[in-house]
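Trainee: Below is the structure, and that's it, no one-letter string:
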């Protein structure tokens, strides 16, 4: 009967791209980076919730990059790494969820304000300057919708990574 060694628990090198929990690094990069880009491109109008969203997306992007390179280089050989993997991804899941909910709330409020403005001031009666403001607000609203979707997708991938990492940790 073969014994399970630490080498069988966490992948290193190219095996990171073939193991299920670690394959989630790629969508975490993509969706986390998109949240960062989409929120930053609209300007931060609501400093408190949007600042938290930016902090979470930058923190998780940098930490996931560091975590990925640790796995890729094979520096994850200690027996504490499976637990650290679960712990980091749990924290990232909680952070992203705590950022996604206020981002969605702000976006819903923007959508309501946008709808009220559109109902009260049809474009035919708005001056050229106001129509530019109206169109810019509409563009920002659409970018925030995309940021909300990407933020919840990032939360989902961090959550799945946490679950599969916990299963791998319990097997070790």
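Mentor: Right, received. Where do you want to start? Just so it is clear, the model here is predicted, and its values are computed rather than measured.

Trainee: Just the buried residues of the strand or helix carrying residue 57, please?
Mentor: Taking DSSP states H and E as the definition, one finds residue 57 inside helix 47-73. By neighbour count on 16 or more other CB atoms under 10 Å, the buried set for helix 47-73 is 49-50, 52-54, 56-57, 59-61, 64, 67-68, 70-72. (C-beta placed from N, C-alpha, C; glycine too.)

Trainee: so which of these would you say is closest to residue 135?
Mentor: Distance to residue 135, by CB to CB, is smallest for residue 50 among those, at 21.1 Å.

Trainee: Tell me who's in contact with residue 40.
Mentor: Counting by CB atoms under 8 Å, 6 or more residues apart in numbering, residue 40 touches residue 54.

Trainee: Just the pLDDT for it.
Mentor: What the model reports for residue 40 is a pLDDT of 89.

Trainee: Okay, and it sits in which element?
Mentor: According to DSSP H and E, residue 40 maps onto helix 25-42.

Trainee: what about residue 165, distance to residue 148?
Mentor: 26 Å (CB to CB, to the nearest Å).

Trainee: Oops, could you answer that again for residue 55 instead?
Mentor: Distance from residue 55 to residue 148, by CB to CB: 17 Å.

Trainee: before we move on, back to that, helix or strand right after the helix holding residue 57?
Mentor: Per DSSP H and E, the first helix or strand lying C-terminal to helix 47-73 is helix 81-120.

Trainee: Now do that following helix, average pLDDT.
Mentor: 89.

Trainee: For the following helix or strand past that helix, what is the distance to the chain centroid?
Mentor: Sequence order places helix 128-171 as the next helix or strand after helix 81-120, per DSSP H and E. Remark: helix 128-171 is offset 6 Å from the chain centroid, using CA atoms, centre = their mean, to the nearest Å.
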